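A predicted structure for the sequence below; I have some questions about it.
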Protein chains: 2
Amino acid sequence: MKLLLKLGLIASLLITSSFAEKVYKLRIATTWGPTLSPLFDAAENMAKIAEEMSNGQLKIKVHASNRHKAPLGVLDMVKGGQYDLGHSASYYWKGKDIATLPFTSMPFGLTAPEQYAWFYYGDGLDLMQKVYAKHNVLSFPGGSTGVQMGGWFKKEIKTLEDLKGLKMRIPGFAGEIMAKLGVQVTNIAPGELYTALDRNNIDALEWVGPSMDINMGFHKVAPFYYTGWHEPASEMHFIVNKRAYKKLPKHLQKILKISMRVAAYDMYVQNYDMNAKAWEKMKKEYPNIQVKTFSKEIMAAMKKANSELRAELSAKSPELKEVLDNQEVFQKRTREWTKMSDYLYLKDNLE
Amino acid sequence: MKLLLKLGLIASLLITSSFAEKVYKLRIATTWGPTLSPLFDAAENMAKIAEEMSNGQLKIKVHASNRHKAPLGVLDMVKGGQYDLGHSASYYWKGKDIATLPFTSMPFGLTAPEQYAWFYYGDGLDLMQKVYAKHNVLSFPGGSTGVQMGGWFKKEIKTLEDLKGLKMRIPGFAGEIMAKLGVQVTNIAPGELYTALDRNNIDALEWVGPSMDINMGFHKVAPFYYTGWHEPASEMHFIVNKRAYKKLPKHLQKILKISMRVAAYDMYVQNYDMNAKAWEKMKKEYPNIQVKTFSKEIMAAMKKANSELRAELSAKSPELKEVLDNQEVFQKRTREWTKMSDYLYLKDNLE
């Protein structure tokens, strides 16, 4: 072999193999503590899948909130480039950008399959990128909790009158609806919730669902468990710094995107299973827990308050209005199918 | 650089780069025609994702049924090694191996989220590999149709008496249940179904749901559309020849598995959306279509026939019995959660 040819061969092999072997180290900041299943699991699942599929080229370090100390600062840190990726939920930064609110869940809104259909086969994902463009990040679905429960109540709620003056911990948009119904909405740090409920400093609280409520112990001191109305399919989100994303070769971008997509679906399914198992356990240990639904009168008042709040926010933000209107049209059509498929199937088997 | 060292370097680079670049060409046989959305789409989606994530190292050719001419021979072809992979549904080969039946869907069985929870967080996937081990293939979920509709009927069915002697095309296990109720179950080739229904050679037929029924045109000649009971979440399957799988490097095995997993979830969501859109279109063009549910009397008779058939089959196959029993325990627990979450949420919003 001529020397020149040999050198050329070496050079080309060096280029190929260094490209094939180059390791990209990324870091993801999550809103969650390191043992918070299934939320933290979704970020870890994503990182593991990405590393395995890329044959080690993508190494993603997952940081829990105890590491970066800014659980609700995930958007800022990813936007600013301190982290390449984040795992959180868009409604945590509705104060900074109200248009991100509907990408998590809206009261009386889309269920999980409806919402995934909206993201992936409707306009959801495109609208989300449009809203996030100003933050210089990409945003993708990051796992659904499915239906969140309406909360734990110490006394049964029968009429609108029973809600008046009731002290309840329920944050966000749902809290604003409850406030319109006369509830005295309070905010209490998660670590103090159980004691507050036990000592009657609050009368009720909203958390997530059996899978995450069970470790909080609320069922031991407040036996009325109300069904969900305010977060029918809360979607978490992966966010990605655009510059960090652009530095990756095309196939690693694809690996990253698919890892996020599958980790999101997986979290939904994992939590479905966890809820079923946690509920079975709770009910066995505390058979006096009673599942309740709010009365038609209360539901009607909640829906009215919800419509008023949506109208107020839409009037302030045309960007939010575009997303809400799009979701509404999608929901109207898709719910017809949900009714004749899932709903009537379940009704035939449950009643 | 010493010559020996130089040669060693060249050799090691050659190994690295050829490993990194080696292209693996696989072929997948599907049961579906090349335009059959969303079923054929799921196989194509999987192949595309795998190729992109592997940077072209995995090239998977997707063959529609018009190519290999054996739509229901997919298991045999993958088992025999003519194809590396297959995309089909396990209940198509229940005649060869009855224990594969419950991996598609069972009457009065699991819904889509329940079933994915069973596969991935219950024992479903392990049981499936155990059943398929004797065929020397691996099997993975390949996409859910969600709830399939109960079928198109020319006349309204009010009582058990109305079912007696009714000529209906409904294959498989559901057909056996209908036969126990006195229905004259017939089998007719798909291409002749519309004419048979139009000319009253049959009185009713079962197909899939709006997304796939719309192109068949049944709604034009049979206005009563009954809700589903027999296939609440029919899961398609990817099957993989074990030898072909073992030849792949670890990271490509992972890419293949994740591509199948995400394509399966995607198909479920895609079909949810397609059903909603197709139903809206059908209803607009043919406003006289009526959605009906079977009466409590008919449902009770179907459930009784279903239990009898399950018991008969279980007595013949301990392998099938193990799967059915496992599913039943899982369903009992998980349905409690479905009831208090999805079902009561929808009920509050629909009634």
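Yep, it's here.

Can you show me the strands along the stretch 201-350 of chain A?
A:204-205, A:224-226, A:235-241, A:290-292 (DSSP state E, counting those that start in this stretch).

what's the closest of those strands to chain B?
Minimum separation from chain B across those (C-beta to the nearest C-beta) falls at strand A:290-292, 5.1 Å. Placement of C-beta: from N, CA and C, glycine included.

partners of the closest one in the sheet?
Counting by DSSP bridges, the strands paired with strand A:290-292 are strand A:224-226 (parallel).

got a list of contacts for the partner strand?
With contacts defined as C-beta atoms under 8 Å, 6 or more residues apart in numbering or on different chains, strand A:224-226 is touched by A:149-157, A:219, A:289-294, B:340.

picking that back up, dump the strands of the stretch 201-350 of chain A into TSV; add distance to A:L248 as well.
As requested, the strands of the stretch 201-350 of chain A are arranged in TSV below (distance: least, C-beta to C-beta, whole Å):
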stretch	distance to A:L248
strand A:204-205	42
strand A:224-226	45
strand A:235-241	10
strand A:290-292	47
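
ranking the ones you listed by burial, who's on top?
Ranked by mean neighbour count under mean count of other C-beta atoms under 10 Å in any protein chain shown, the strands of the stretch 201-350 of chain A are led by strand A:235-241, which reaches a mean of 26.

Remind me what that strand packs against, helices and strands.
helix A:39-53, helix A:74-79, strand A:85-88, strand A:137-144, helix A:250-285 (3 or more C-beta pairs under 8 Å, 6 or more residues apart in numbering or on different chains; DSSP states H and E).

tell me the SS of the closest residue to A:A64 other than its chain neighbours?
Among residues not flanking A:A64 along the chain, A:P34 sits closest, at 3.8 Å (C-beta to C-beta, 6 or more residues apart in numbering or on different chains). Following DSSP: H, G, I helix; E, B strand; the rest coil, we place A:P34 in the coil state.

ok, A:P34 - contacts?
A:F40, A:A64, A:N66.

swap the cut-off to 10 Å and go again
A:F40, A:E44, A:V62, A:H63, A:A64, A:S65, A:N66, A:R67 (C-beta atoms under 10 Å, 6 or more residues apart in numbering or on different chains).

Looking at these, which one is closest to B:L346?
A:F40 (29.7 Å; C-beta to C-beta).

What is the neighbour count of that closest one?
Neighbour count for A:F40, taken as other C-beta atoms under 10 Å in any protein chain shown: 19.

Point out where chain A drops to low pLDDT.
A:1-20 (pLDDT under 70).

can I see the domain layout of chain A?
A:20-145+A:233-274, A:148-230+A:289-316 (automatic domain parsing).

Whichever of the contacts of strand A:224-226 end up buried, select them in PyMOL.
To isolate the buried ones among the contacts of strand A:224-226 in PyMOL, judged by 16 or more other C-beta atoms under 10 Å in any protein chain shown, type:
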select buried, (chain A and resi 149+150+151+152+153+154+157+219+289+291+292+293+294) or (chain B and resi 340)
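
how about A:M168, secondary structure?
When classified by three-state DSSP, A:M168 comes out as strand.

Excluding chain neighbours, give the residue nearest to it in space.
Distances taken as C-beta to C-beta, 6+ apart put A:A204 closest to A:M168, at 4.3 Å, once the chain neighbours are dropped.

got a list of what that neighbour touches?
A:150-155, A:157, A:163, A:166-170, A:178, A:183, A:197, A:218, A:222, A:224, A:226.

quick one on the thing from earlier: redo the helices and strands packed on strand A:235-241 as TSV? Include distance to A:E336.
Output for the helices and strands packed on strand A:235-241, formatted as TSV (distance: least, C-beta to C-beta, whole Å):
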stretch	distance to A:E336
helix A:39-53	31
helix A:74-79	35
strand A:85-88	33
strand A:137-144	21
helix A:250-285	22
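
for those, which one ends up most surrounded?
Looking across the helices and strands packed on strand A:235-241 with neighbours counted as mean count of other C-beta under 10 Å, the highest average goes to strand A:85-88: a mean of 28.

And that one, what does it pack against?
Helices and strands touching strand A:85-88, by 3 or more C-beta pairs under 10 Å, 6 or more residues apart in numbering or on different chains; DSSP states H and E, are strand A:24-30, helix A:39-53, strand A:58-63, helix A:74-79, strand A:137-144, strand A:235-241, helix A:250-285.

these two touch, right, A:I177 and A:P107?
Yes: counting by C-beta atoms under 10 Å, A:I177 touches A:P107, with 6.3 Å between them.

any idea what the closest residue to A:H230 other than its chain neighbours is structurally, helix, strand or coil?
Excluding its sequence neighbours, the residue lying closest to A:H230 (C-beta to C-beta, 6+ apart) is A:A174, at 3.6 Å. Three-state call for A:A174 (three-state DSSP): helix.

Which residues are in contact with A:A174?
A:A174 neighbours (C-beta under 10 Å, 6+ apart): A:105-107, A:148, A:150-151, A:168, A:185, A:206, A:228-231, A:302, A:306.

ok, now A:G142?
A:30, A:39, A:42-43, A:46, A:86-90, A:235-239, A:260-261, A:263-264, A:267.

one more time with 7 Å
Each residue near A:G142 by C-beta atoms under 7 Å, 6 or more residues apart in numbering or on different chains is listed here: A:A42, A:H87, A:E235, A:M236, A:H237, A:F238, A:M260, A:A264.

go on, A:F153?
A:F153 makes contact with A:D203, A:A204, A:A222, A:F224, A:Y226 under the criterion C-beta under 7 Å, 6+ apart.

isn't A:I98 right up against A:E319?
No: contact criterion C-beta atoms under 7 Å: A:I98 and A:E319 do not qualify, at 8.1 Å.

Among the contacts of A:F153, give me the pair with the biggest separation.
Between any two of the contacts of A:F153, the greatest separation by C-beta to C-beta is 12.5 Å, found for A:D203 and A:Y226.

who in the stretch 51-200 of chain A is up against chain B?
The stretch 51-200 of chain A comes close to chain B at residues A:52-55, A:108, A:111, A:113, A:116-117, A:120-122, A:146-147, as judged by C-beta under 7 Å from any C-beta of the partner chain.

In helices, which of these appear?
When those are checked against helices (DSSP state H), the matches are A:E52, A:M53, A:P113, A:Y116, A:A117, A:Y120, A:Y121.

who wins for most neighbours among the residues you listed?
Neighbour counts for these, by other C-beta under 10 Å, peak at A:M53, which reaches 31 neighbours.

I figured it was touching B:I258, is that so?
Yes: with contact defined as C-beta under 7 Å, A:M53 counts as touching B:I258 (6.0 Å).

From A:K220, how far off is A:W207?
14 Å (C-beta to C-beta, to the nearest Å).

swap that for A:D342, sorry
33 Å.

Which one of these two is surrounded by more residues?
The neighbour comparison of A:D342 against A:K220 (other C-beta under 10 Å) goes to A:D342, with 26 against 15.

Tell me how many other residues crowd the closest residue to that one other than its chain neighbours.
In this structure, A:D342 finds its nearest non-sequential neighbour in B:V147, 6.0 Å apart by C-beta to C-beta, 6+ apart. By other C-beta under 10 Å, 29 other residues sit near B:V147.

can you check A:D203 too?
Count around A:D203 with other C-beta under 10 Å applied: 22.

Surely it and A:R169 touch.
No: assessed by C-beta under 7 Å, A:D203 is found out of contact with A:R169, at 9.7 Å.

got a list of what the nearest residue to A:V262 once chain neighbours are set aside touches?
Closest residue in space to A:V262, ignoring its immediate chain neighbours: B:V262 at 4.6 Å, by C-beta to C-beta, 6+ apart. With contact set as C-beta under 7 Å, 6+ apart, B:V262 has these partners: A:I258, A:R261, A:V262, B:I49.

Likewise for A:Q327?
With C-beta under 7 Å, 6+ apart, A:Q327 has these contacts: A:P102, A:M106, A:G109, A:L110, A:W118.

The last one and A:K332 touch, don't they?
No: applying C-beta under 7 Å, one finds A:W118 not in contact with A:K332, separated by 11.7 Å.

List the buried residues for stretch A:295-308?
For stretch A:295-308, burial by neighbour count (16+ other C-beta under 10 Å) applies to A:I298, A:A301, A:M302, A:K303, A:A305, A:N306.
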